[in-house]
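*Asks:* Dropping the sequence and predicted coords here.
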Amino acid sequence: MDLGMIGIGIVAVIGVPLVLMAYSFGTETLISRLPDVTSERMRPWIWLAPALLLIVVFYLYPTLRTLLFSFQNADSTAFVGLANYVSIFTDPDMLSTIGNNVLWLVLFVMGTVMFGIIIAILADRVSYENVIKSLIFLPMAISFVAAGVIWRFMYEYQPLGFAQTGTVNALISVLTGDDFEPIPFLQNRSINNIALIIVGIWMWTGFCMVIFSAALKSIPNDWLEAARIDGATEWKVLWYIIVPSIRTTIVVVATTMTINVLKIFDIVYTMTNGNVGTNVIALRMYHEMFQFNHFGRASAIAVFLLVLVIPIMVFNIRNFQADR
Amino acid sequence: MKKSLIFFSLMFAMIGSAGTGVYAESISILGVWGGAELDNFLDALTPFEERTGHTIEFEGTRDLNAILRVRVDGGNAPDLATLPGPGALQPYKNHLVDLNAVLDMGRVQKEFHQAWLDIGTVDGKLVALLMRVSPKGLLWYNTKNPDCKVVNTWDEFMQLAKMRADAGKSTVAVGAESGPATGWPLTDWFEVILVKAHGAKVYNELAQGKRKWSSPEVQDAWTKMGEIVLDRQYSFGAPNYVRATSFGQAFRPLFIDATKAACYHHQAIFIQTFITEKYPHFKAGEDFDFFPFPAIHPHYKGSYMAGGDIISLFSNKPAPVALMNYIASKEFQERFAINSGAPSPNRMVAPAVFKNPVTRKAAALLNGAPEIVFDLSDTIPQEEMLAFWKATMDFAEDPDDLHEILQRLDQVQAEARKK
Amino acid sequence: MSDTQKRPQSIQGGSLAERILKNGLLHSSILLLTAIWMLPVLGLLVNSFRPALEMSDSGWWTALAPPYTFTLENYFDVLFQTAGMGRSFLNSLLIAIPSTLMPILIAAFAAYAIAWLEFKGKIFIFIVIIGLLVVPLQMALVPLLKLYTTIDFNGTFHGIWLAHAAFGLPFSVYLLRNFFGNLPQEMFEAARVDGASHPQIFFRILLPTSGPGLGVLVIFQFLWVYNDLLLALVFLGGSPDVAPMPVTISNMLTSYGQNWEKLTSASFISMLLPLIIFLSLQQFFVRGITAGSIR
């Protein structure tokens, strides 16, 4: 890598903001010459333009292509109508896969949002707040590969009569004594999904916490001071001031986490590859695309995901309108 | 005078660089290798780089399927790619260069057994070359454990197993876990039993999709495997240990206290590097050794199983083609084989070059084998391979389900071959 | 900003006994929670200082009792013995910094429009943004790669900057819209009355008061780009002169998964940078920035 590369990097980091600044001031100067009505109508689109351009090229075009593929065969050479959709929905495996996503939806979203809020609020009140937040944030900073290694240590299994190397099995054996039959967490159908969801919560709570923490900091201090001076207890402050102020943030975080659940892939792929009843929709799509080489079915699953987002969209729009 | 001096210096410079044949180019190879195995590979390529001046850029990824697929479809295929087996070639058959046209085939056909060339052939085109052979169907054992001897027939094996079971000791140690590829060690068990019990013809028919999974011989092999590998008495810690333990750790029960130890571990040749890594003071051949899987039916005693790594060409530019020719040569094959401790498919590489007695034994076995079959799970189409892996784990969870499992495999087999 | 805005609000009010109890509860619950959270990481940390052979033999807690067999070999191996580690760190920076800064500004523009400007089609744009949140990356790879090959963006840094910028947009716009929308309306109206133009409001008022929101985005976009493996392999290629750290680290593993012990130390080394960025951005997570601006 040359100095040339670094040079380009510096140019990009300085140049792009400058260009954007010039763009916004420049266009504003131009349209302010026009009658107010026209400039009011044009302005939003000018502000949206850079983002829209990137989105159209990188997102919309591939999405339309995917929609097209979902009605075609495996290597996209012929149309097959709804055959792909029929095949994925009549597949018994698919039903259990969707069931897994529902389980993730309930436990993972609730867990991450709840823990995120609790930790953000608690941390906000102690002087070592930054330390706590950094530690909870840590699992997010560690790449997925590392997380896989970490939880392999946690869930490891050694047969009865041998010293346990996995943290969880070791802890349980300390608490229950020598007769304890070690549990192969990832192979045991009744708990392997929960085991994976725990990994998910562990990783993503930091994400929720950081966003909630930012939202908490945006609450004007005067509101809290005033309430406390008026004699409100901490509980009242919490319920009547803090929570309502971050209500929209809760919607945003919950939405993001829900959509995350639809896309959950890395954790399941690395730890069980969807075996023993742990499969999830996005992993199924990955298998169809890269291992079964069936672009048609993979695209149909992707379109299915898009459809699933609709109720979330509706919920968000209602909130959005209630705000303004 | 000065002008002609400059002119001639320039000419010399150009001719000098042209002496290498072409301008120095960069050749890209995509593969799954990393760490020591990658170093072995790159080292074996250095003579080529030195001679031709080309540079080799190896790009490693654990997710080879996805990355290769995207790059090929996206128009940015690498020059070469290493693949785990012929089954993976199918999606790319239209993008791969026919090696018949670009390799020095006269030499190649002399130096490679036809069986190895057949493995790399799809629809009549030779699209992949075998770089390294991994002998499979080997039973590893602890030479220092007096209770665990070499057994030559299935009857001897079962006798030993029953004797040990009566004394409360296990006979085999199996570990099937392998992340996204979980299940493949069990597929190896099944395959070796199939070929030793019912022969290469039945085996190859299954590999080519001409025989159903639910056929009696195949079912018999599954059942036999289950009787040994999943049985609490014969298999260490079965079934939990089998399902939860990583393949890279499952040899350990051989080397623990003899009162608790198992006798045999079924695995390919590569496991010896895992063993010496875990027990650095062990010497191959002295502390641990292998013998070929016992004959089940005396007829098929000489059938051996092997896997291997293949490499394919996506570009027909001169530099990558030259590299491919080099890879087929004895020079590369020998160096790579010695580096990685695995035999070469090239006949010109003699077993004697291996200092490691275990590797030498495996190479000699391969060279002298009456019949060799290639790892089935690497030969069948990818969808079928994945279903196969999953099927073994389903079987390990509930052996009584065998009938349904095999029927599902039949379905996948039929669908996979439709294309 | 007064002092109270920087000091954390511990429990106040109530009798001394009440306060000790509530504070005790507060501190012990948060410490307990954090300790449980850190247990898995602690395991990895302890293991990273153990010899590779021991790691798979015994649980990490056994290393905390004598005999002590701690070693720095895993760290040395990754830092000094792995070819190209230094270069890949620089590559990571070269990829991540522009890929973080560019989308945030572009997203802020769009978020400003959706949050504060009125226009027809606002709901539609909003819907599209949310819908895009769910689009799986893998579906977009092949058509984009084809495009990149045609315009020769493959293996270039600007190619991957654009890709990361684009893929980070939906979430960035979604999040920023929320933070911008929560700012007090009075702030803007006062500025408009004063005759400020929109760009002026954006750069002089909006951005400075959105510290927390922007901070969050910088952290996560950086994290996502820095840890990314897929886009790097597809658009940039995995060759050593352009490979970022995740590629180099995953190449330490053989196809059989050997050398996983090195991952223990590699993970911590790789994690330092995001952590440093997180900590240094905490100064933006200070309450009270908005309060003063209205008065």
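*Replies:* Yep, that arrived. A quick note: this is a predicted structure, and the numbers were derived from the prediction, not measured. Numbers count the residues shown, from 1 in each chain, chains lettered A, B, ... in the order given.
*Asks:* Flag the shaky bits of the chain, pLDDT-wise.
*Replies:* Because you didn't say which chain, this covers chain A. A:1-2, A:178, A:322-324 (pLDDT under 70).
*Asks:* Please refer instead to chain C.
*Replies:* In chain C (pLDDT under 70), the answer is C:1-14, C:286-295.
*Asks:* Break it down into its domains, please.
*Replies:* C:3-71, C:79-294 (automatic domain parsing).
*Asks:* Centre of the chain to the longest one, how far?
*Replies:* This means domain C:79-294. 8 Å (C-alpha atoms, centre = their mean, to the nearest Å).
*Asks:* again, but for the first one
*Replies:* Centre-to-centre, domain C:3-71 and its host chain are 23 Å apart (C-alpha atoms, centre = their mean).
*Asks:* wait, does that domain make contact with chain B?
*Replies:* Yes. Domain C:3-71 reaches chain B (C-beta under 8 Å from any C-beta of the partner chain) through C:53, C:56. Backbone N, C-alpha and C define where each C-beta goes, glycine included.
*Asks:* Could you tell me which residues within the longest helix along chain B count as buried?
*Replies:* Ranked by residue count and defined by DSSP state H, the top helix of chain B is helix B:184-207. Neighbour counts over helix B:184-207 (16 or more other C-beta atoms under 10 Å in any protein chain shown) mark B:184-200, B:202-207 as buried.
*Asks:* what does stretch A:149-160 give?
*Replies:* Quick answer for stretch A:149-160 (16+ other C-beta under 10 Å): A:149, A:150, A:151, A:152, A:153, A:154, A:155, A:156, A:157, A:158, A:159.
*Asks:* Keep those, but drop any that are not near chain B.
*Replies:* Answer for the buried residues of stretch A:149-160 near chain B (C-beta under 8 Å from any C-beta): A:157, A:159.
*Asks:* Quick one: closest of the domains of chain C to chain A.
*Replies:* Of all the domains of chain C, domain C:79-294 sits nearest to chain A, with 3.3 Å by C-beta to the nearest C-beta.
*Asks:* Next up, the contacts around residue B:234.
*Replies:* B:161, B:164, B:165, B:170, B:171, B:172, B:227, B:228 (C-beta atoms under 8 Å, 6 or more residues apart in numbering or on different chains).
*Asks:* ok, it to chain C distance?
*Replies:* Residue B:234 is 25 Å from chain C, where distance means C-beta to the nearest C-beta, to the nearest Å.
*Asks:* What segments of the stretch 101-250 of chain C are helices?
*Replies:* Using DSSP state H, counting those that start in this stretch, the helices found in the stretch 101-250 of chain C span residues C:122-133, C:137-150, C:157-181, C:185-193, C:198-200, C:207-209, C:211-226, C:230-231, C:245-250.
*Asks:* The shortest one packs against which elements?
*Replies:* This points to helix C:230-231. helix C:137-150, helix C:157-181 (3 or more C-beta pairs under 8 Å, 6 or more residues apart in numbering or on different chains; DSSP states H and E).
*Asks:* same thing but at 6 Å, please
*Replies:* The helices and strands touching helix C:230-231, judged by 3 or more C-beta pairs under 6 Å, 6 or more residues apart in numbering or on different chains; DSSP states H and E, number zero.
*Asks:* Show residues contacting that helix.
*Replies:* Residues from elsewhere that reach helix C:230-231, judged by C-beta atoms under 6 Å, 6 or more residues apart in numbering or on different chains: residue C:163.
*Asks:* Kindly recompute the last result at 8 Å.
*Replies:* With C-beta under 8 Å, 6+ apart as the test, helix C:230-231 has contacts from B:63, B:66, C:137, C:138, C:141, C:160, C:163, C:164, C:167.
*Asks:* would you list these in TSV and tack on distance to chain A and neighbour count?
*Replies:* Output for those, formatted as TSV (distance: C-beta to the nearest C-beta, whole Å; neighbours: other C-beta atoms under 10 Å in any protein chain shown):
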residue	distance to chain A	neighbour count
B:63	8	18
B:66	4	19
C:137	9	17
C:138	6	22
C:141	8	24
C:160	11	27
C:163	7	27
C:164	10	24
C:167	7	25
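*Asks:* Residue A:212 is nearest to which of the domains of chain C?
*Replies:* domain C:79-294 (9.8 Å; C-beta to C-beta).
*Asks:* The stretch 1-150 of chain A: helices as residue ranges?
*Replies:* Taking DSSP H, counting those that start in this stretch as the test, the helices found in the stretch 1-150 of chain A are A:3-31, A:36-55, A:61-69, A:83-89, A:92-104, A:110-124, A:129-141, A:144-155.
*Asks:* Compare these and report which one is nearest to residue B:40.
*Replies:* Between the helices of the stretch 1-150 of chain A, helix A:144-155 lies closest to residue B:40; by C-beta to C-beta that is 23.1 Å.
*Asks:* Which elements pack onto the closest one?
*Replies:* helix A:167-176, helix A:192-217, helix A:266-271, helix C:16-48, helix C:245-250, helix C:260-281.
*Asks:* What residues sit buried inside the fourth one?
*Replies:* Read it as helix C:16-48. Neighbour-count burial for helix C:16-48 [16+ other C-beta under 10 Å]: C:22, C:26, C:30, C:33-34, C:37, C:40-48.
*Asks:* And stretch B:269-282, by the same measure?
*Replies:* B:269, B:270, B:271, B:272, B:273, B:274, B:275, B:276, B:278, B:282.
*Asks:* One more: stretch C:239-247?
*Replies:* Buried residues in stretch C:239-247 (16+ other C-beta under 10 Å): C:239, C:240, C:242, C:243, C:244, C:245, C:246, C:247.
*Asks:* okay if I get the domains of chain C as TSV plus distance to residue B:288?
*Replies:* What follows is the domains of chain C, written out as TSV (distance: least, C-beta to C-beta, whole Å):
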stretch	distance to residue B:288
domain C:3-71	17
domain C:79-294	18
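*Asks:* closest one to residue A:141 among these?
*Replies:* So among the domains of chain C, domain C:79-294 is nearest, using C-beta to C-beta, at 4.1 Å.
*Asks:* which of the domains of chain C is buried the deepest?
*Replies:* Ranked by average neighbour count under the criterion mean count of other C-beta atoms under 10 Å in any protein chain shown, these are headed by domain C:79-294 at a mean of 20.
*Asks:* Could you give the average pLDDT over stretch B:306-326?
*Replies:* Mean per-residue pLDDT for stretch B:306-326: 93.
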